[in-house]
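Asks: Show me the folded form of this:
(chains A and B)
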Amino acid sequence: MSDEEDDLILDELDDAELVLQMHDDLYDGMADEIDEAVRILLKREWLPYDILTKALVEGMRIVGIDFRDGILFVPEVLLAAGAMKKGMGILKPLLVETGAPQLGKMVIGTVKGDIHDIGKNLVAMMMEGAGFEVVDLGINNPVEDYIGALKREGADILGMSALLTTTMPYMKTVIDTMVEQGIRDDYIVLVGGAPLNEEFGKAIGSDAYCRDAAVAVETAKEFMARKHNQV
Amino acid sequence: MDLLSKLLAEKDWLMADGATGTNLFNRGLEAGEAPELWNVDQPEKIKALYQDAVDSGSDIFLTNSFGGTAARLKLHNAQDRVRELNKLAAELGREVADKAGRPVVVAGSVGPTGEIFEPLGPLSHAEAVEMFQEQGAALMEGGADVLWLETISAPEEYKAAAEAFANIDAPWVGTMSFDTAGRTMMGMTSSDMVEMAQGLDNRPLGFGANCGVGASDLLRTIQGFAAANPEIPIVAKGNAGIPKFVHGHIHYDGTPELMGQYAVMVRNSGAKIIGGCCGTMPEHLKAMRKALEETPMGAAPTDEEITAVLGGFSSDSDGTGDAPTPKRVRRRRK
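Replies: Numbers count the residues shown, from 1 in each chain, chains lettered A, B, ... in the order given. As a prediction, this is how the structure comes out:
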């Protein structure tokens, strides 16, 4: 750390400078700085929704691009997501109070037999960062848990993750059960995980395979926009 | 001296085995089921899996214990059965190897815990060492010749396993999975891995890459290892192409002929222990053995030769060298 950095006082930056600074601090995973900056913008009477979208979501979008391009890797993205989460912690109750728009609701979880939740957690955090409401079911989910949560939560999107050759076919079990129950088309189904690919995603009947968390966010937005256009 | 060290000293190359999961599916394993439970419930099928590798010419096969740490068995409420399931995995392997009529190495497979290390995640170094030690000790007790750590993405996890295996004085091999823009998910490059493996107090007998994206990416990783002139033998265990869903089950699209070409190419690139990972069936192993025996050593393939035979790379760069820099100008240095 340089002295120069220690000298930087967030409250002395004008709004535009501060928002750019927040993008950098998110990129560097500096949770305390994000916390402070969110509070400063609230004090300057910014709307919680504007802080979310212009500072946090935009900052995470930049992180997502560099993750997609192989410039940032999982540890850096986890740090960034942690910083965003700290900012979100302040904004969440305020967003509820002010009735800010929600992009949609996602139920997400790793399939039965699979413990690996790193990718799933990243998707959950990036989706929250992009303004979706996320219900995280954790690891090792049997089909009943997915379907139960979709109905209970009135969700729009189902996200499933698998990292193992031995667990990825279970995604098809879940989708097949949704088809049997006649509810498959009520939801957008996104799948991901290291061993998967686009063709596999299509073959098991999902709407899309998302190769990383940034792509998941873009894909979810795209499908939600299409869904709204249909209504 | 352990059997693997002996064979490495005698031979120019050794062939390892193929897939465990894909083969067990073909024998009736259901998605989401724990393969390790079959060591108790379906021992004949596990022995048949091992026997297939032996009959296909493998010098080394891995035990059915990839998910055998307490962290993973917990999913199936079997966290109290670490010793039982791992010991059995090795005992079944010992039985098959001892009847092979030639020296065959029983390698006790140890996969990742699936947890993230502190400070980013909940797993402490001490807990990881304890879990790896518990699993490793049971595999050695069951008669494994060496321990075989695989599909690791975090350097912390690799180091924790090395420490655990030192505590029980077990010889070991350790490979990582390079599946993200040429690096591991956690950002480790092939050259970083050479440095890490050689810098350990408890050096592995072999290090390398397994699983990952496809055979082309894996070859590029192997060439990255070789470029760092490692003193330890390189291990290559690539997937037989990419997974597809055909007639209700998973099928990897790499043919036996292609895997034969892959085997020769990785050997020419510097690998000494050569095997397959997901999707690699007995017919692939037979083709690999034949190709390795019948093809003389040659020059390492160029990127063009690799992609012409095995298909394109999943990313432009192999992740080594200077890290690509973000396009925007940073306002403040970290």
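Asks: since we're on residue 8, how many residues are nearby?
Replies: Picked chain A for this. By the measure other Cβ atoms under 10 Å in any protein chain shown, the count of residues near A:L8 is 13. The C-beta positions use only the backbone N, C-alpha and C, and glycine is treated the same way.
Asks: wrong chain, I was asking about chain B
Replies: B:L8 has 20 nearby residues by other Cβ under 10 Å.
Asks: Excluding chain neighbours, what is closest to it?
Replies: B:P233 (5.9 Å; Cβ to Cβ, 6 or more residues apart in numbering or on different chains).
Asks: Report the contact partners of residue 219.
Replies: Let's take chain A. A:L190, A:A208, A:C210 (Cβ atoms under 8 Å, 6 or more residues apart in numbering or on different chains).
Asks: I was after chain B.
Replies: B:A236, B:G238, B:Y262, B:M265, B:V266, B:S269, B:P301, B:I306, B:L310.
Asks: Kindly indicate which of the residues you listed lies nearest chain A.
Replies: B:G238 (13.0 Å; Cβ to the nearest Cβ).
Asks: Once you drop chain neighbours, what's closest to the closest one?
Replies: B:L218 is the one closest to B:G238 (Cβ to Cβ, 6+ apart), at 3.8 Å.
Asks: For that neighbour, give its distance to B:N268.
Replies: To B:N268, B:L218 is 14 Å away according to Cβ to Cβ, to the nearest Å.
Asks: ok, these two, which is more surrounded?
Replies: It is B:L218, of B:L218 and B:N268, that has more neighbours when counted by other Cβ under 10 Å, with 30 against 20.
Asks: my guess is that one meets B:A240, correct?
Replies: No. The pair B:L218 / B:A240 is not scored as a contact, 11.1 Å apart, by Cβ atoms under 8 Å.
Asks: State the phi and psi torsions of B:L75.
Replies: Main-chain dihedrals, B:L75, degrees, to the nearest 10: phi -60, psi -30.
Asks: give me every residue that touches the nearest residue to it once chain neighbours are set aside.
Replies: In this structure, B:L75 finds its nearest non-sequential neighbour in A:N140, 4.7 Å apart by Cβ to Cβ, 6+ apart. Contacts for A:N140 (Cβ under 8 Å, 6+ apart) come out as A:T110, A:V111, A:K112, A:G113, A:D114, A:I115, B:L75.
Asks: following the helix-or-strand element of chain A with minimal mean pLDDT, which helix or strand shows up next?
Replies: For chain A, using mean pLDDT, DSSP states H and E, the weakest element among its helices and strands is helix A:3-7, scoring a mean of 54. Using DSSP states H and E, the helix or strand that follows helix A:3-7 in sequence is helix A:15-27.
Asks: hmm, that next one in reach of chain B?
Replies: Yes. Using Cβ under 8 Å from any Cβ of the partner chain, we find that helix A:15-27 touches chain B at A:L20, A:Q21, A:D24, A:Y27.
Asks: and if you look at stretch A:167-184?
Replies: Yes. Between stretch A:167-184 and chain B, judged by Cβ under 8 Å from any Cβ, the touching residues are A:T167, A:M168, A:P169, A:Y170, A:K172, A:T173.
Asks: Give me the local confidence score for the residue nearest to B:L75.
Replies: Note on A:N140: pLDDT of 89.
Asks: Look at residue 116 and say how many residues are nearby.
Replies: Unless you meant another one, I'm taking chain A. 23.
Asks: that answer is for a different chain, and I need it for chain B
Replies: 21.
Asks: Setting aside sequence neighbours, what's the nearest residue to the residue nearest the centre of chain A?
Replies: Closest to where the C-alpha atoms of chain A average out (Cα atoms, centre = their mean) is A:M127, at 1.8 Å. Nearest residue to A:M127, sequence neighbours excluded (Cβ to Cβ, 6+ apart): A:V134, at 5.1 Å.
Asks: So what pairs up with that neighbour in the strands?
Replies: Assessed by DSSP bridges, A:V134 has beta-bridge partners A:M106.
Asks: List the contacts of the residue nearest to B:L8.
Replies: Applying Cβ under 8 Å, 6+ apart, the residues near B:P233 are B:L8, B:L205, B:G206, B:F207, B:K272, B:I273.
Asks: What score does it have for pLDDT?
Replies: pLDDT at B:P233 comes out at 98.
Asks: mind checking how far it is from chain A?
Replies: Plainly put, B:P233 is 26 Å away from chain A if you go by Cβ to the nearest Cβ, to the nearest Å.
Asks: Got the phi and psi for that residue?
Replies: phi -60, psi 150.
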